[in-house]
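Peer 1: the sequence and its predicted three-dimensional model are supplied below.
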Amino acid sequence: MTTTVLDRIGLLVTNDIAAGAGPLGLVRNASVVFEGDRIVSVAGAGQIADRRIDADGACVIPGFVDSHTHLVFAGDRGDEFAARMAGRPYEAGGIRVSVAATRGATEAELLSLADGRRAEARRAGITTVEIKSGYGLDAHHEARCLRVARSFTGDTTFLGAHVVPAEFEGRTDDYVHHVCTDMLAAALPYARWIDAFCEVGAFDEHQSRAVLAAGRAAGLGLRLHANQLGHGPGVQLAVEMGCASADHCTYLSDDDIAALAGSDTVATFLPATDFSTRQPYPDARRVIDAGATVALATNCNPGSSYTTSMSFCIALAVRDMRMTPEEALSAATVGGASALRRGDVGRIAPGCRADLVVLEAPSYTHFVYRPGVPLIRSVIEAGSLT
């Protein structure tokens, strides 16, 4: 099998503390050798391989791991965004607009739209992505959204419990039963995870617990939208149920933070959502200082965070969430991997998937130092230069 060396790396972020300096495992004047889609070695510059890629002194980081996205949808909600910027608050019910558009699109159209967004995310340095359903909200449409998502990732999430669709208006418990039975059965062949939107205007603690329990009984891993729009039971429920991640975490009590710190549940922050909805930003500093594991994700979706830029999320996390550049980069790579229970991505180390991003910059600090500037020079995903 052909070996490739990415050589003359000025600053390499490995996220492997045994390989280099500090919490990011920094190595200077480095090279990375990979064979097929796996990393073989990390060493000093000048290593020999069948093929050579010259980093020309740039900084190289692990590919971003985006552990929370909604890439499969149709339609546009730009007018809703403009109205929100003019003062209208964000409401979960806007999701129904995307449901109508998604149901009206063909599967080929959904595949084409998602392919464009996935390509955009790859150009932004995202090499691993989780994709949720949630804009079908019946058995047939949820299954086809997950089937489309499965074309791009194995980390697919059944989010039938996103909001209550119009045909179940006033009958939330009946809809939850539908989610836990017919919809779950249809989604199961295409899903790795199950999720619910535990929030006022969506699903309460009891309903969310029922969805997670049904998914777990069917063999799916658990995730949860929690504490986005206000204080509530979501984070505590996520920890109680052993969810891999509690996502949003905008409003956290001391008890919520203590629960996260004492568990394996990752607190996944979605700062582009808070930017877009004008919500307060999570106090990541308190969560990190308490010892919890954190991740950053884009939450790319049509209503509250239509971005594929992890660089933007990093800048927001440092500027408005009191994270250091090192913490933010770690959260966007190995933190996202933890949220997906993945040990093969988010790090540059032997045996890991060969996902590497070459920056148009000498250091990862430029994500914050030069916000909004396209700093991704090239992307290697699973050993292929894209």
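Peer 2: Looks like it came in fine.
Peer 1: and Val65, that one's in a strand?
Peer 2: Yes. Counting by DSSP: H, G, I helix; E, B strand; the rest coil, Val65 falls inside a strand.
Peer 1: and Ala166, what does it touch?
Peer 2: If a contact means CB atoms under 8 Å, 6 or more residues apart in numbering, then Ala166 has Arg96 as its contacts. (Glycine included, C-beta is placed from N, CA and C.)
Peer 1: repeat that for 10 Å
Peer 2: 93, 96, 99-100, 137 (CB atoms under 10 Å, 6 or more residues apart in numbering).
Peer 1: list the contacts of Gly170.
Peer 2: Contact criterion CB under 10 Å, 6+ apart gives Val164 as the residues in contact with Gly170.
Peer 1: out of the contacts of Ala166, who's nearest Gln279?
Peer 2: The shortest approach to Gln279 among these belongs to Gly93, at 16.3 Å (CB to CB).
Peer 1: find the residue at the geometric middle of this protein.
Peer 2: Ser67 (2.3 Å; CA atoms, centre = their mean).
Peer 1: wait, that residue sits on Val294?
Peer 2: No. In this structure, Ser67 sits apart from Val294 without contact. The criterion is CB atoms under 10 Å, and the distance is 11.1 Å.
Peer 1: shared neighbours of the two, which are they?
Peer 2: Contact with both Ser67 and Val294 is made by residues 245, 266, 268, 331, 335-336, 338-339, according to CB under 10 Å, 6+ apart.
Peer 1: PyMOL command to pick out the buried ones of those residues?
Peer 2: In PyMOL, this line selects whichever of the shared contacts of Ser67 and Val294 come out buried by 16 or more other CB atoms under 10 Å:
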select buried, resi 245+266+268+331+335+336+338+339
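Peer 1: can you add distance to Leu71, pLDDT and secondary structure and give the shared contacts of Ser67 and Val294 back as CSV?
Peer 2: As requested, these are arranged in CSV below (distance: CB to CB, whole Å; pLDDT from 0 to 100; DSSP: H, G, I helix; E, B strand; the rest coil):
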residue, distance to Leu71, pLDDT, secondary structure
Ser245, 17, 98, strand
Val266, 20, 98, strand
Thr268, 16, 98, strand
Ala331, 20, 98, helix
Gly335, 20, 98, helix
Gly336, 15, 98, helix
Ser338, 21, 98, helix
Ala339, 17, 98, helix
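Peer 1: gap between the one helix or strand Ile61 maps to and the chain center?
Peer 2: Secondary structure from DSSP states H and E places Ile61 in strand 59-62. When C-alpha coordinates are averaged (CA atoms, centre = their mean, to the nearest Å), strand 59-62 and its chain have centres 19 Å apart.
Peer 1: Asp173 contacts Ala210, correct?
Peer 2: Yes. Asp173 is within contact range of Ala210, at 8.9 Å (criterion: CB under 10 Å).
Peer 1: which of the two has more residues huddled nearby?
Peer 2: Neighbour totals were compared for Asp173 and Ala210, and Ala210 leads with 18 against 12 (other CB atoms under 10 Å).
Peer 1: before we move on, the earlier item: got phi/psi on the residue nearest to the centre of the chain?
Peer 2: As for Ser67, its main-chain torsions (degrees, to the nearest 10) stand at phi -90, psi 10.
Peer 1: how close does it get to Ser304?
Peer 2: 17 Å (CB to CB, to the nearest Å).
Peer 1: just Leu184 next, same as before
Peer 2: The gap separating Leu184 from Ser304 is 25 Å, by CB to CB.
Peer 1: do Ile131 as well
Peer 2: Here the distance between Ile131 and Ser304 works out to 16 Å (CB to CB).
Peer 1: for Gly136, which non-adjacent residue is closest in space?
Peer 2: Ranked by CB to CB, 6 or more residues apart in numbering and with sequence neighbours excluded, the top spatial neighbour of Gly136 is Glu142, at 4.0 Å.
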